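Peer 1: A predicted structure for the sequence below; I have some questions about it.
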Amino acid sequence: MDKVYVTGLKVDAFIGVYDWEHEQTQPLILDLEMDWDNRKAAESAQLNDALDYDALSKAVVQLIQARPRALIETIAEEVAQLILQEFKTPRVRVKVAKPQAVPAAQYTAVELVRSQAQ
Ligand SMILES: Nc1nc2c(c(=O)[nH]1)N=C([C@H](O)[C@@H](O)CO)CN2
């Protein structure tokens with residue numbers, strides 16, 4: 001299956017379980033991989049036939065910034081469901097990294113794969 005990628009999407013969000021995390025935003029970095037048949041868009045050159053990564057990215061940022069969450073797992077699941085339901089992709093891989101969570105680590109992250117069947 002063809003893919004469409006959004007890599008390194010930075011979103012400032014209220015995210016975390018600790019009190020101090022409710023007072024200030026932190027960056028999250030998202031990597032998104034969507035299954036999509038790109039042949040129709042390649043042939044027609046119409047954005048309507050493509051998985052619009054610009055519209056998708058904006059929808060993801062809006063979702064994440066809509067309200068605070070405790071865990072990055074919740075963000076990953078909600079982002080996956082948004083992409084499946086609103087953008088009708090057959091399958092999506094979502095990785096959510098929280099670079100400032102553990103100072104000694106480059107980043108912490110969770111990753112999941114969801115499809116229309118799940
Ligand atoms: N699996 C997870 N573990 C932890 C999370 C998380 O979102 N998923 N979050 C925290 C805290 O919010 C931490 O990031 C503060 O530095 C701890 N563990």
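Peer 2: Thanks, I have the structure now.

Peer 1: contacts, neighbours, all on C-alpha from now
Peer 2: OK.

Peer 1: what residues does this structure put near the ligand?
Peer 2: 16, 17, 18, 71, 72, 101, 102 (Cα under 6 Å from any ligand atom).

Peer 1: ok, and the closest non-adjacent residue to the first one?
Peer 2: So the one you mean is residue 16. residue 70 (4.3 Å; Cα to Cα, 6 or more residues apart in numbering).

Peer 1: repeat for the last one
Peer 2: Once its chain neighbours are removed from consideration, residue 102 has its nearest residue in residue 108; the separation is 7.0 Å (Cα to Cα, 6+ apart).

Peer 1: Ramachandran angles for that neighbour?
Peer 2: Main-chain torsions, residue 108, degrees, to the nearest 10: phi -110, psi 160.

Peer 1: ok, now which ones touch it?
Peer 2: 97, 98, 99, 101, 102 (Cα atoms under 8 Å, 6 or more residues apart in numbering).

Peer 1: so what's it scoring on pLDDT?
Peer 2: Note for residue 108: predicted pLDDT of 98.

Peer 1: And residue 97, by the same measure?
Peer 2: We have a pLDDT of 98 for residue 97.

Peer 1: swap in the one 5 residues further on?
Peer 2: At residue 102 the predicted local distance difference test score is 97.

Peer 1: Tell me which helix or strand residue 28 sits in.
Peer 2: Using DSSP states H and E, residue 28 sits within strand 26-35.

Peer 1: in its sheet, what does that strand sit against?
Peer 2: strand 3-13 (antiparallel), strand 91-98 (antiparallel) (DSSP bridges).
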